[in-house]
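Novice: heads up, no residue letters with this:
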């Protein structure tokens, strides 16, 4: 593991701090008028999801942890657990369904998901950047309503509501960003 200075912490870094594994969510560098500069870091515990705000001075040393990333295929959900399979060894692992948070509806059967491991413990799951969804319900197109850059609400086949351009209709397939949960383009 590598030790880094407190001012080198970036969002997405995984740190070993206070005996736990923490992901840096937000980092802001502060230079007060009096005293030394420091990094104000919002940390999220990778094991239990708790949050912590911490100050790191440039002289502070923290352990940066590298997580091993493996692509695994989603098989099914059972009793609140998501079952994934390693595509090389065919081993199956179970992760709690809340590991994906509000992006859970975008998980589709057979989808390849990136699972992050620390030693042999699975800590995080990341969906692909973009997924294809079908629009189940949206308002019909009204001619002449496209003077401004307007969007209309639409419900997807997974129950998520997104804003789409007026030319997109019911039954069409669209590409949705799993990061921002926004419409990207037609599929």
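Specialist: Alright, I've got the coordinates. As the structure is a computational prediction, the values presented were derived from the model and not from experiment.

Novice: residues in contact with residue 85?
Specialist: Residue 85 sits next to 72-73, 75, 91-92 when contact means C-beta atoms under 8 Å, 6 or more residues apart in numbering. Where C-beta positions appear, they are placed from N, C-alpha and C, glycine not excepted.

Novice: Identify the residues contacting the lowest-mean-pLDDT helix or strand in the chain?
Specialist: Lowest mean confidence among the helices and strands of the chain (mean pLDDT, DSSP states H and E): strand 121-126, at a mean of 84. With contacts defined as C-beta under 8 Å, 6+ apart, strand 121-126 is touched by 21, 23, 46-47, 67, 82, 84, 93, 95, 99-100, 113-117.

Novice: In strands, which of the residues you listed appear?
Specialist: Assigned to strands by DSSP state E, the following of the contacts of strand 121-126 qualify: 21, 23, 82, 84, 93, 95, 113-117.

Novice: Kindly reformat those residues as TSV containing distance to residue 134.
Specialist: Shown next, in TSV, are the ones in strands among the contacts of strand 121-126 (distance: C-beta to C-beta, whole Å):
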residue	distance to residue 134
21	38
23	33
82	22
84	24
93	29
95	26
113	20
114	24
115	27
116	30
117	33
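
Novice: Most neighbours among the residues you listed, which one is it?
Specialist: residue 84 (23 neighbours; other C-beta atoms under 10 Å).

Novice: so that residue makes contact with residue 74?
Specialist: Yes. Counting by C-beta atoms under 8 Å, residue 84 touches residue 74, with 5.7 Å between them.

Novice: Which residues are in contact with each of those two?
Specialist: By C-beta under 8 Å, 6+ apart, the residues touching both residue 84 and residue 74 are residue 113.

Novice: ok so, going back, take the ones in strands among the contacts of strand 121-126 and lay them out in JSON lines including pLDDT.
Specialist: Converted to JSON lines, those look like this (pLDDT from 0 to 100):
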{"residue": "21", "pLDDT": "88"}
{"residue": "23", "pLDDT": "86"}
{"residue": "82", "pLDDT": "91"}
{"residue": "84", "pLDDT": "93"}
{"residue": "93", "pLDDT": "91"}
{"residue": "95", "pLDDT": "89"}
{"residue": "113", "pLDDT": "92"}
{"residue": "114", "pLDDT": "91"}
{"residue": "115", "pLDDT": "90"}
{"residue": "116", "pLDDT": "87"}
{"residue": "117", "pLDDT": "88"}
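
Novice: if you skip the residues just before and after it, what's nearest to residue 135?
Specialist: Spatially, and ignoring its direct neighbours in sequence, residue 135 is nearest to residue 154 (4.9 Å; C-beta to C-beta, 6 or more residues apart in numbering).

Novice: Shouldn't the one you found be within a helix?
Specialist: No. Looking at residue 154 with DSSP: H, G, I helix; E, B strand; the rest coil, it is strand, so not inside a helix.

Novice: Cool, thanks, signing off.
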